[in-house]
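Trainee: Next one to model:
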Amino acid sequence: MGNHALIFGASGITGWAITNALISGYPDDTTFSQVTALTNRPLTAEAAQWPKSDKLQVVSGLDLLTSKGQEGLEAEMKEKVKGIETVTHVYFFAYIMDLDPNKEISINVQLLDRAITAVEHLSSNLKFVVLPTGTKAYGVHLLHDMPFTPPLAESMDRLPEPHASQIFYYAQVDHLAKASRGKSWKYCEVMPDMIVGFVPNNNIYCLAQTLATYLSLYAAVEGKGAECAFPGNDKSWLIKSNDSSQDLVAKFSIYASLHPEVSHGERFNTADNAVPNSWSGKWPIICEYFGLKGTPNPPGGSGPQPGKYIEDHLEQWRELEKKHGLQTGRVGNERSFGGFQYFIMSMFDFDRDLDMNKVHKAWGDAKEETDVKGAWWKAFDRFRKAKIIP
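Mentor: Predicted structure coming up:
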């Protein structure tokens, strides 16, 4: 009997990819015999674009914060999750955003606590928990007040106060460390930067979806071969960073969970390549997928903002939806918010490249890397297959 993976937040960018990797046979066909994908919003395996697999069960509508409390959650999991008593590996990729840092900490620690407590109570076979955090742990959200000099390395200290007590990552990691003490199960933390990937449901943090819809529309309106100026600024065009493709993050998460001897209690930068890139290197390749010529922003200015461009051409987008039989509801609503794209492509105008030595040493001979096409074009292919873009 192989392992049983339980993925919380399976419809999110990385949760989707972990599910996809496991049922596609990573690291091999026999390591996992059962894969359970938990989602809050309704989702079928077909709508998720996951390959058919006898290993997979999708359980939707599970509310970790149910008013029925811990006992009610456990009763629901026992009823809905077939083989819950055999769960060995938990990939905890559920998250609830709140603009109030104290509320965000409280909510997300409670999510984690309820989930892990439930699995501990329902399965005596738990071996490992993977928790994602991210480069916010280095203070990238503080922009030019980020206290560290890149390359950003896992050995760096936590942020000083008053920032530290506003980071829910720290609170979750501390909670998980305390919960695992004296137990047989282990844990680790994976730290991607901006994740490039596909999501079956709308997600405001999915930059690949924002750019896929924008550039598909831009090509339809302006014509193939048109120049498309970078929607950032002079500084952000050149800064160094490491993208984190969903497949790479997923694969290392799985590898780490199977190798506690190198991963337990550790945190790992998780990104595509040891060599950082810049928008000047990525933007032309991204635009090429859509038959466009990606150019720098005008000196001292910016190219069109994707959200505004889509808003100004909503009628043409609706025509594309009809012409190509696309899914609807992907643009022009609160889940197609353009603020995240502006933050990543304009406000992040400073180097934030990652030191990849630790993760590559831990990954050893199984290490994988990818490039711009491997990350972005693969995501665009998935959006196209799902009829989200033409």
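Trainee: Which is the succeeding secondary structure element to the least confident helix or strand in the chain by mean pLDDT?
Mentor: Sorted by mean pLDDT, DSSP states H and E, the helices and strands of the chain end with helix 339-342, the least confident at a mean of 88. Once helix 339-342 ends, the next helix or strand along the chain (criterion: DSSP states H and E) is helix 357-363.
Trainee: Any buried residues in that next one, and which?
Mentor: For helix 357-363, the buried set under the neighbour-count rule, 16 or more other Cβ atoms under 10 Å, comprises 358, 359, 360, 362, 363. Any C-beta I mention is one placed from the backbone N, CA and C, and that applies to glycine too.
Trainee: So the last one is in contact with residue 248, correct?
Mentor: No: taking Cβ atoms under 8 Å as the definition, residue 363 is not a contact partner of residue 248, at 10.0 Å.
Trainee: rewinding a little: and which of the buried residues of helix 357-363 is nearest to residue 344?
Mentor: Within the set of those, residue 359 lies nearest residue 344; the separation is 21.8 Å, counting by Cβ to Cβ.
Trainee: In three-state terms, label the closest residue to residue 370 other than its chain neighbours for me.
Mentor: In space, not counting the residues next to it along the chain, residue 370 is nearest to residue 272; the distance is 4.9 Å by Cβ to Cβ, 6 or more residues apart in numbering. Of the three states, residue 272 takes coil according to DSSP: H, G, I helix; E, B strand; the rest coil.
Trainee: circling back: export the buried residues of helix 357-363 as TSV, with columns for distance to residue 276 and pLDDT.
Mentor: Formatted as TSV, the buried residues of helix 357-363 follow (distance: Cβ to Cβ, whole Å; pLDDT from 0 to 100):
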residue	distance to residue 276	pLDDT
358	16	98
359	14	98
360	14	98
362	20	98
363	18	98
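Trainee: what sits up against stretch 370-386?
Mentor: Counting contacts by Cβ atoms under 8 Å, 6 or more residues apart in numbering, the residues outside stretch 370-386 that touch it are 49, 196-198, 200, 208-209, 212, 243, 245-248, 272-273, 277, 281-282, 285-286, 289-290, 327, 389-390.
Trainee: one more time with 6 Å
Mentor: Surrounding stretch 370-386, the residues in contact under the criterion Cβ atoms under 6 Å, 6 or more residues apart in numbering are 49, 196-198, 208, 212, 243, 245, 272, 282, 285-286, 289, 389.
Trainee: you'd agree residue 229 is up against residue 303?
Mentor: Yes: Residue 229 lies in contact with residue 303 (Cβ atoms under 6 Å); the separation is 2.9 Å.
Trainee: if we can go back for a sec, other residues contacting the least confident helix or strand of the chain?
Mentor: For helix 339-342, the surrounding residues in contact (Cβ under 6 Å, 6+ apart) are 204, 205, 207, 210, 306.
Trainee: try 8 Å this time
Mentor: Contact with helix 339-342 is made by 204, 205, 207, 210, 211, 231, 305, 306, 307, as judged by Cβ under 8 Å, 6+ apart.
Trainee: picking up where we left off before, next up, the contacts around the residue nearest to residue 370.
Mentor: 196, 242, 243, 244, 245, 248, 369, 370, 371, 374, 375.
Trainee: Restricted to strands, list those.
Mentor: Secondary structure assignment (DSSP state E) places 196, 244, 245 from these within strands.
Trainee: Using a markdown table, please lay out these together with neighbour count.
Mentor: Below are those laid out as a markdown table (neighbours: other Cβ atoms under 10 Å):
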| residue | neighbour count |
| --- | --- |
| 196 | 30 |
| 244 | 27 |
| 245 | 29 |
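Trainee: Pick out whichever of the residues you listed sits closest to residue 113.
Mentor: Distance to residue 113, by Cβ to Cβ, is smallest for residue 244 among the ones in strands among the contacts of residue 272, at 26.3 Å.
Trainee: Give the buried subset of the contacts of stretch 370-386 as a ChimeraX selection command.
Mentor: Here is the ChimeraX command that selects the buried residues among those (16+ other Cβ under 10 Å):
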select :49,196,197,198,208,212,243,245,272,282,285,286,289,389
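Trainee: Just flag the most distant two among the contacts of stretch 370-386.
Mentor: Checking the contacts of stretch 370-386 with Cβ to Cβ, the most distant pair is 49 and 282, at 24.3 Å.
Trainee: Contact partners for the nearest residue to residue 20 once chain neighbours are set aside?
Mentor: What sits nearest to residue 20 in space, not counting adjacent residues and going by Cβ to Cβ, 6+ apart, is residue 50, at 5.7 Å. Residues touching residue 50, when contacts are defined by Cβ under 8 Å, 6+ apart, comprise 16, 19, 20, 23, 37, 56.
Trainee: what secondary structure does residue 50 sit in?
Mentor: State at residue 50, reduced to three classes by three-state DSSP: coil.
Trainee: Check which helices and strands the host helix or strand of residue 103 sits against.
Mentor: Taking DSSP H and E as the definition, residue 103 sits inside helix 101-122. Packing partners of helix 101-122 (3 or more Cβ pairs under 8 Å, 6 or more residues apart in numbering; DSSP states H and E): helix 69-80, strand 89-92, helix 168-180.
Trainee: Those into CSV, with extra columns for mean pLDDT and mean neighbour count?
Mentor: Shown next, in CSV, are those (pLDDT from 0 to 100; neighbours: other Cβ atoms under 10 Å):
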stretch, mean pLDDT, mean neighbour count
helix 69-80, 97, 15
strand 89-92, 98, 26
helix 168-180, 98, 18
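Trainee: From residue 267, how far out is the residue lying closest to residue 176 once chain neighbours are set aside?
Mentor: If the residues on either side of it in the chain are set aside, residue 176 comes closest to residue 187, at 5.1 Å by Cβ to Cβ, 6+ apart. Taking Cβ to Cβ, to the nearest Å as the criterion, residue 187 is separated from residue 267 by 10 Å.
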